[in-house]
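Asker: Can you look at this prediction? I've put the sequence above it.
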Amino acid sequence: GQQLNQSPQSMFIQEGEDVSMNCTSSSIFNTWLWYKQDPGEGPVLLIALYKAGELTSNGRLTAQFGITRKDSFLNISASIPSDVGIYFCAGQLPILYGGSQGNLIFGKGTKLSVKP
Amino acid sequence: EAQVTQNPRYLITVTGKKLTVTCSQNMNHEYMSWYRQDPGLGLRQIYYSMNVEVTDKGDVPEGYKVSRKEKRNFPLILESPSPNQTSLYFCASSFRGARGYTFGSGTRLTVV
């Protein structure tokens, strides 16, 4: 099936640092979503993007829907310890490309940890 | 409280013994879905449902069955579990398609 390439796979943060991660695909998507998963819990939706070029913020988080519709990025500014977790991008393919309303494809995740 | 409830949270079973993982949502959502999460592979969609009696395969449907007889419930059935189905399973629901699934807390399944 369709894959989303998410990078980096993992990263270490120090409190106060800005963090960036991104997601790319070989196909266009008509929706990009970013989720965060804490240990022992299900993913929680952070930001949803519905239009190419759209830039949306949620507190210290900012995400963009790439102009080509094949990528998206998530930035976290001034990171704090509770930002630690796994971040997933997810996308919905257009119906013309084999997608459907219920079919949401996930990347493999970016694991954020605290620098020792 | 609006939520997706999965049961059980943990399950250890033996190969070939049929099992069902239940999922219920109290948000009157039309869409429901099952995912499995494996290390290094992220979340992969097993099945999804767009409404009562309407289901469709996701990316990894082999070895699983689902049913949607009522809007609130979407059980996942493993007729003959095998060790490669050992995984963390998540149920999710949404009011409008895949735009923002709300996930349950997960079911950790071990098949020995």
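Answerer: Yep, it's here.
Asker: quick one: the strands in the chain?
Answerer: No chain was given, so I picked chain A. According to DSSP state E, chain A carries its strands in the segments A:5-7, A:10-13, A:19-24, A:31-37, A:44-49, A:55-58, A:61-65, A:71-76, A:85-92, A:105-106, A:110-114.
Asker: um, chain B though
Answerer: Under DSSP E, chain B gives strands at B:4-7, B:10-13, B:19-25, B:31-38, B:42-51, B:54-57, B:65-66, B:76-78, B:87-94, B:102-103, B:107-111.
Asker: Can you name the residues that contact the residue positioned nearest the centre of chain B?
Answerer: Closest residue to the average C-alpha location of chain B: B:W34 at 3.1 Å, with Cα atoms, centre = their mean. Remark: with contacts taken as Cβ atoms under 8 Å, 6 or more residues apart in numbering or on different chains, B:W34 is in contact with B:23, B:45-48, B:58, B:64, B:66, B:74, B:76, B:89-92. To be clear about C-beta, it is placed using only N, CA and C from the backbone, and glycine gets the same treatment.
Asker: Excluding residues flanking it in the chain, which one is nearest A:S26?
Answerer: Excluding its sequence neighbours, the residue lying closest to A:S26 (Cβ to Cβ, 6 or more residues apart in numbering or on different chains) is A:K70, at 7.1 Å.
Asker: what sits against the one you found?
Answerer: Per Cβ under 8 Å, 6+ apart, neighbours of A:K70: A:T24, A:S25, A:S26, A:S27, A:I28, A:F29.
Asker: count of neighbours near the second one?
Answerer: Just to be clear, that refers to A:S25. 23 (other Cβ atoms under 10 Å in any protein chain shown).
Asker: got the contact list for it?
Answerer: Contacts of A:S25 by Cβ under 8 Å, 6+ apart are A:Q2, A:Q3, A:L4, A:N5, A:K70, A:D71, A:G91.
Asker: Generate TSV for the strands of chain A, with distance to chain B as supplementary columns.
Answerer: What follows is those, written out as TSV (distance: least, Cβ to the nearest Cβ, whole Å):
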stretch	distance to chain B
strand A:5-7	8
strand A:10-13	11
strand A:19-24	11
strand A:31-37	6
strand A:44-49	5
strand A:55-58	13
strand A:61-65	13
strand A:71-76	14
strand A:85-92	5
strand A:105-106	4
strand A:110-114	10
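Asker: Which one of these lies nearest to B:Q85?
Answerer: Closest approach to B:Q85 among the strands of chain A (Cβ to Cβ): strand A:105-106, 18.6 Å.
Asker: A:G53 reaches A:I67, doesn't it?
Answerer: Yes - if you go by Cβ atoms under 8 Å, A:G53 and A:I67 touch, sitting 5.3 Å apart.
Asker: I figured A:G16 hits A:A78, correct?
Answerer: Yes - using Cβ under 8 Å, A:G16 is in contact with A:A78, at 5.7 Å.
Asker: any idea how far B:Y47 is from B:R96?
Answerer: B:Y47 is 19 Å from B:R96, where distance means Cβ to Cβ, to the nearest Å.
Asker: For chain B, list the residues in contact with chain A, please.
Answerer: Contact residues, chain B versus chain A (Cβ under 8 Å from any Cβ of the partner chain): B:4, B:31, B:33, B:35, B:40-45, B:48-50, B:56, B:58-59, B:90, B:92, B:94, B:96-106.
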